[in-house]
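Colleague: pasting the structure only:
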DNA sequence: GATGAATGAGCGTTCATTCAT
DNA sequence: TATGAATGAACGCTCATTCAT
């Protein structure tokens, strides 16, 4: 027998997620500047006072969106089978595909990156993600160097940093300059001799 | 002999500039989200009503800041003497120095880039600047290819795009991840064989 | 049994009405020129932000006041028993009594008449009311002519127009020239041979 | 020889008049609500600060407009030749013609009438004008009664009041309901047996 | 007399948040 | 949990008026 109590928790989680998604899309379309608690609540079909039962403050909602967006960008997933070159290629390809399929995610991520400079809670998310991402890229590159797929004088760490910097630049350009981003990715792959 | 009339125009221009600068720093520190006309006016020591004497609306002030910031980032300057490699190297070095000396400019530029996706007036500024920048990079690279400084199979346009994408990523990281940006730049210069 | 739900709507309606009344009196005393939403809200004992809970804009409040004032001036009521002469007499008497009892209503109505020249929403209210009023007056007069209470050569329409014009002039004078209005009404009734 | 001093006074008077006219038209189009000192000044081609050399306050300008408008409506002019009936007929005809030729004057006069209820300075102008007007109408009517042009039981004073009330109602309707005003005037003239 | 610059006071409106129900 | 009502604080902006030049 299902009591109402059994349902409350999943319902609560569902609604939290709906609110995060609604906020996410608001930010994608109007930036943090245009984010309105009332609007987010309305999109989910609830009163804005009710939203505060799920997120005590607007800031809490924003943090949840930040966590959600960052987790959406899977850059430290468990590596599938493949040589380092294949892994790196797959990594970039996957990111670029995601950029094309849901540019909104990358717009939001850039908003978050900018906001992280003034918001320590968000900064932590970002730092963590970037650290893991950098580590993973470095380990792929180092493995490749050891296997002779890249020259021994390639700086694995620097190249990892460059890839991240690059992807962040692409995130910023994907919506307004998609062609430039495509060219950039192609060039990056050539430099990494995985093109 | 200096009459009062001679001074009136410069004074007005001065105050306009002061307001733009104050707004610029507000945006650098708090983003567009945190930009308040009262605060900007106070920073300059005037009443907010007086600010509207110089900028009819907040939006006009924002556009002036955008124009100012974009013009500060000189990426299409008349080329100094040098070979294409030297030119490109100087270009990147100069940008990186500017990033270190005034990271605020790059933070604001990123804010502007983001806002340009929702503001057509700003979008025009950005488009124009990016077009000029891309053109200049391409011409440097093509000249270098012709002179044999870069392999003939280097895609000048793609590389130019990659450099821009890259610098935009660096702009986003310069404040919170300066080390990563430094490594990235070093790697980019190696890829461009100008390191 | 009265549930809270039963009460919510009347409460909301009550407050709306209170606000309309407060705005009405503000207009009566200070004209549209002197109407301040903060003041209206304060008169009702609420924050001005709360007023916007009931009326999204000042203009919406003004329209509600216009509708209220026009509806207060009942000039197209279902006719009570009586001959056309009696009806017309009762009509004028009633209007004059209302002028004396609540001159504020007529002041506000004049403000509305003036504003209707620049405000199409209000213009509609006014046009509708005047059309209905004119029609009713005309039908009373025509009935009277048919019954021989007025000479056959009386222009029912013209007389109806004259009565309306007359009442509007009286509305304008009732506060500052009550004696003149009294004399005017007396004279009008004599001309209509109902005095 | 004409010195600049000789010219200053007439120039000053001219400019004052221009400003009054500009304010008059502003009020006619937008009411007192929409009257802006800056706009009036701009219409005359001067700075709003300069306007304050001619009228110390907005209120002073408004009073000047009130005086101007009231003086424009000549209702106490020295009587031309004619019988009382002819005089009264000419009086009404002239007013109606003026209404058709420059309805703006009557709109402004109604604004002034309304404002006079809250502004003692304007109230004086209005009272004075109305007193003179009423006196003149009464004397015409009384003369006519004495000469047998109107029945002896016509109340001269009441009829004078009625005419004034009537014209004020017509002023309010001339712009939005010209047909109704025309019918009203025709009816009034019939009642006065001057039609 | 004329003006550009400046301002204080105030305006209508917004919005995240609180609270009684 | 859900909400309508309420609010304080603030926002961008307006405007008559003042003042130094």
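Modeller: Sure thing, it's come through. This one's a predicted model, so the numbers in the text were calculated from it and none came from an experiment. Numbering: from 1, shown residues only, chains lettered A, B, ... in the order given.

Colleague: What parts of chain A come near DNA strand F?
Modeller: Chain A has residues A:8, A:12, A:15, A:46, A:47, A:48, A:49, A:50, A:52, A:53, A:54 near DNA strand F, with proximity defined as C-beta under 7 Å from any atom of the strand. Any C-beta I mention is one placed from the backbone N, CA and C, and that applies to glycine too.

Colleague: Now with 6 Å, please.
Modeller: Counting by C-beta under 6 Å from any atom of the strand, the positions of chain A adjacent to DNA strand F are A:8, A:12, A:46, A:47, A:49, A:50, A:53.

Colleague: Filter those residues to keep only those in contact with DNA strand E.
Modeller: On the criterion C-beta under 6 Å from any atom of the strand, residue A:49 are the entries of the residues of chain A next to DNA strand F that sit beside DNA strand E.

Colleague: For ChimeraX, write the select line for the buried members of the residues of chain A next to DNA strand F.
Modeller: Here is the ChimeraX command that selects only those of the residues of chain A next to DNA strand F that count as buried (16 or more other C-beta atoms under 10 Å in any protein chain shown):
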select /A:46
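
Colleague: now, which of the residues of chain A next to DNA strand F sits nearest chain B?
Modeller: Nearest to chain B, judged by C-beta to the nearest C-beta, of the residues of chain A next to DNA strand F is residue A:49 at 23.6 Å.

Colleague: what about the closest one, which SS state?
Modeller: Reducing the assignment at residue A:49 to three states with DSSP: H, G, I helix; E, B strand; the rest coil gives helix.

Colleague: Pull up the gap between it and residue C:11, please.
Modeller: Distance from residue A:49 to residue C:11, counting by C-beta to C-beta, to the nearest Å: 18 Å.

Colleague: Any part of stretch A:110-128 near chain B?
Modeller: Yes. Interface with chain B: stretch A:110-128 contributes A:110, A:111, A:113, A:114, A:115, A:116, A:117, A:118, A:123, A:126, A:127 (C-beta under 8 Å from any C-beta of the partner chain).

Colleague: counting contacts, what elements does the helix or strand that contains residue A:145 pack onto?
Modeller: Assignment of secondary structure by DSSP states H and E places residue A:145 within helix A:120-146. The elements that helix A:120-146 packs onto, with contact taken as 3 or more C-beta pairs under 8 Å, 6 or more residues apart in numbering or on different chains; DSSP states H and E, are helix A:58-72, helix A:84-101, helix A:103-115, helix A:156-173.

Colleague: quick one, domains of chain A?
Modeller: The record assigns chain A these domain ranges, following automatic domain parsing: A:10-56, A:76-193.

Colleague: if I pick residue A:147, what's in contact with it?
Modeller: Counting by C-beta atoms under 8 Å, 6 or more residues apart in numbering or on different chains, residue A:147 makes contact with A:83, A:84.

Colleague: related to what we said a few turns ago, Throw the domains of chain A into JSON lines and include distance to residue D:67, thanks.
Modeller: What follows is the domains of chain A, written out as JSON lines (distance: least, C-beta to C-beta, whole Å):
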{"stretch": "domain A:10-56", "distance to residue D:67": "52"}
{"stretch": "domain A:76-193", "distance to residue D:67": "61"}
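
Colleague: do you know which of the helices and strands packed on helix A:120-146 lies nearest residue D:71?
Modeller: Comparison of the helices and strands packed on helix A:120-146 against residue D:71 by C-beta to C-beta identifies helix A:58-72 as nearest, at 61.6 Å.

Colleague: Near the nearest residue in space to residue A:177 that is not next to it in sequence, how many residues? Count them for me, please.
Modeller: Counting by C-beta to C-beta, 6 or more residues apart in numbering or on different chains, residue B:130 is the residue found nearest to residue A:177 once chain neighbours are left out, at 7.0 Å. Neighbour count of residue B:130, defined by other C-beta atoms under 10 Å in any protein chain shown: 21.

Colleague: What of residue A:26?
Modeller: 20.

Colleague: Find the helix or strand that it is a member of.
Modeller: With the criterion set as DSSP H and E, the secondary-structure element containing residue A:26 is helix A:4-30.
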